[in-house]
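Engineer: Could you look at this predicted model? Sequence included:
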Amino acid sequence: MRVLIINGPNLNLLGKREPSIYGSQTFEEYLVELRNQFSSIKIEYYQSNIEGEIINALHDAEDKYDGIVLNAGAYTHTSIAIADAIGGIGTDVVEVHLSCILAREEYRHKSLISPKCKGSIMGFGMQSYLLGIYSILDNKK
Ligand code: DQA
């Protein structure tokens, strides 16, 4: 079983970026925990601040993974192109967010990618990624 986690813009700053919202752990630290937790799953990780690179990563992931866990960061609210990429590949994508975007500023309430995703998980901090992987596992039963 193979899962790809894609993090979008500014998520490379986790650990120091607005810790009151996103916590104080880096994603690399959390990834160690996640891989230990799911030792039978190959979890690969990609991060980019660039919209087109995220789109390329989605295209490249097709047929290589059982599922993709995507935190598109602020592109969630703006990118029709990422939504189209998700819709254009045959691999399930699970949308995740650390924060509950519905409880934040109004401009974060709308996700352009949600309609193209298998489901959305938000508001559980880093655990949102864990729940995202569980949802892919469950779907493969
Ligand atoms: C985020 C929420 C987005 O609104 C924001 O732009 C992010 C992070 C989250 O994980 O809570 O960069 O996707």
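Structural biologist: That came through fine. Numbering: from 1, shown residues only.
Engineer: okay, CA-based contacts and neighbour counts for the rest of this
Structural biologist: Noted.
Engineer: List the residues that contact the closest residue to residue 1 other than its chain neighbours.
Structural biologist: Using CA to CA, 6 or more residues apart in numbering and skipping the chain neighbours, the partner closest in space to residue 1 is residue 41 (5.2 Å). For residue 41, the contact set (CA atoms under 8 Å, 6 or more residues apart in numbering) comprises 1-3, 35.
Engineer: So which of those residues are in helices?
Structural biologist: residue 35 (DSSP state H).
Engineer: residue ranges with poor pLDDT in this structure?
Structural biologist: 140-141 (pLDDT under 70).
Engineer: The ligand contacts on that one?
Structural biologist: Contact residues (CA under 6 Å from any ligand atom) of the chain with the ligand: 10, 71-74, 97-99, 101, 108.
Engineer: Helices along the protein, start to end?
Structural biologist: 19-22, 27-37, 51-61, 80-88, 127-139.
Engineer: before we move on, back to that, among the contacts of residue 41, who's most crowded?
Structural biologist: residue 3 (20 neighbours; other CA atoms under 10 Å).
Engineer: Which strand residues bridge it?
Structural biologist: Residue 3 has these beta-bridge partners by DSSP bridges: residue 43, residue 67.
Engineer: Correct me if wrong: it contacts residue 134.
Structural biologist: No: taking contacts as CA atoms under 8 Å, residue 3 lies outside contact range of residue 134: 10.6 Å.
Engineer: re earlier: could you dump the helices of the chain into JSON lines with distance to residue 119 added?
Structural biologist: Shown next, in JSON lines, are the helices of the chain (distance: least, CA to CA, whole Å):
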{"stretch": "helix 19-22", "distance to residue 119": "21"}
{"stretch": "helix 27-37", "distance to residue 119": "20"}
{"stretch": "helix 51-61", "distance to residue 119": "16"}
{"stretch": "helix 80-88", "distance to residue 119": "12"}
{"stretch": "helix 127-139", "distance to residue 119": "9"}
